[in-house]
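> Predicted model and sequence below, questions to follow.
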Amino acid sequence: MRIGMLVGSLRRESFSRKIAENVARLLPGDMVVEWVSIDLPMYNQDLDDDGVPSQSWMDFRAKVGECDAYLFVTPEYNRSIPAVIKNALDVGSRPYGRNVWGGKKGAVISVSPGAIGGFGANHALRQAVVFLDITMLQQPEMYIGGVTKLLDENGNTNEGTTAYLQKFVMQFVKFVKG
């Protein structure tokens, strides 16, 4: 089973990427993580309408379409999702009628140095993917607050956080295989 891992931060030392890497190590051996880059040019329907979509869009659509399920790991920007995630959702859902996301399952983990763990981003992302026909894991909800205190100098989570992530991974696996 191929799990598309989409990280909503392009920053070199991204907390979201570090959490995603920790989660990837917890997935069972029969699940392969496909790291899906969302560093894409902004969506412009004219390019699709004119038959000249960017190569990066076409490559992205192909890679997303090959995945069996998705795991979004996102920071919160201004109580919502980063523009790169919204753009990736748009690129994968267009042109109209050729949505590569549809009919698959997914989950979201939101990450923040703040106390509420990216609650706004988590729910904004859920709202966007409903229209794209991605069935999202409802429980457990995964908000990771205070992330700067949960990672060591190598980006590994502490024992308590690893256990918390493992419970999430177990439910995610059950959900996508069910």
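On my side now, so go ahead. Residues are numbered from 1 along each chain as shown.

> ok, now which ones touch residue 30?
Residues in contact with residue 30, defined by CB atoms under 8 Å, 6 or more residues apart in numbering, are residue 1. In short, each C-beta sits where N, CA and C put it, glycine included.

> So which residues of this protein form helices?
Counting by DSSP state H, the chain forms helices over residues 15-26, 45-49, 55-66, 83-93, 119-131, 159-177, given from the N-terminal end onward.

> Serialize those helices to CSV and add fields for distance to residue 104 and mean pLDDT.
Listed next are those as CSV, based on distance: least, CB to CB, whole Å; pLDDT from 0 to 100:
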stretch, distance to residue 104, mean pLDDT
helix 15-26, 18, 98
helix 45-49, 22, 96
helix 55-66, 9, 98
helix 83-93, 11, 98
helix 119-131, 10, 95
helix 159-177, 9, 97
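
> what's the closest of these to residue 2?
Of all the helices of the chain, it is helix 55-66 that lies closest to residue 2, at 6.2 Å by CB to CB.

> isn't residue 100 right next to residue 90, touching?
No. Here residue 100 does not reach residue 90: they are 11.6 Å apart, not a contact under CB atoms under 8 Å.

> What's the separation between the one residue sitting closest to the centre of the chain and residue 47?
Against the mean C-alpha coordinate of the chain, by CA atoms, centre = their mean, the closest residue is residue 72 at 1.4 Å. As judged by CB to CB, to the nearest Å, residue 72 and residue 47 stand 25 Å apart.

> Could you do residue 139 as well?
For residue 139, the distance to residue 47 under the criterion CB to CB works out to 39 Å.

> before we move on, what about residue 112?
When residue 112 is compared with residue 47 (using CB to CB), they lie 34 Å apart.

> out of these two, which sits in the more crowded spot?
Between residue 112 and residue 47, counted using other CB atoms under 10 Å, the more crowded position is residue 112 (24 against 15).

> Could you find the closest non-adjacent residue to that one?
For residue 112, ignoring the flanking residues on the chain, the nearest one in space by CB to CB, 6 or more residues apart in numbering is residue 118 at 4.2 Å.

> thought the one you found was touching residue 110?
Yes. The pair residue 118 and residue 110 qualifies as a contact (CB under 8 Å) at a distance of 2.9 Å.

> list residues touching both of these two?
With CB under 8 Å, 6+ apart, residue 118 and residue 110 have common neighbours 74, 75, 76, 143, 144.
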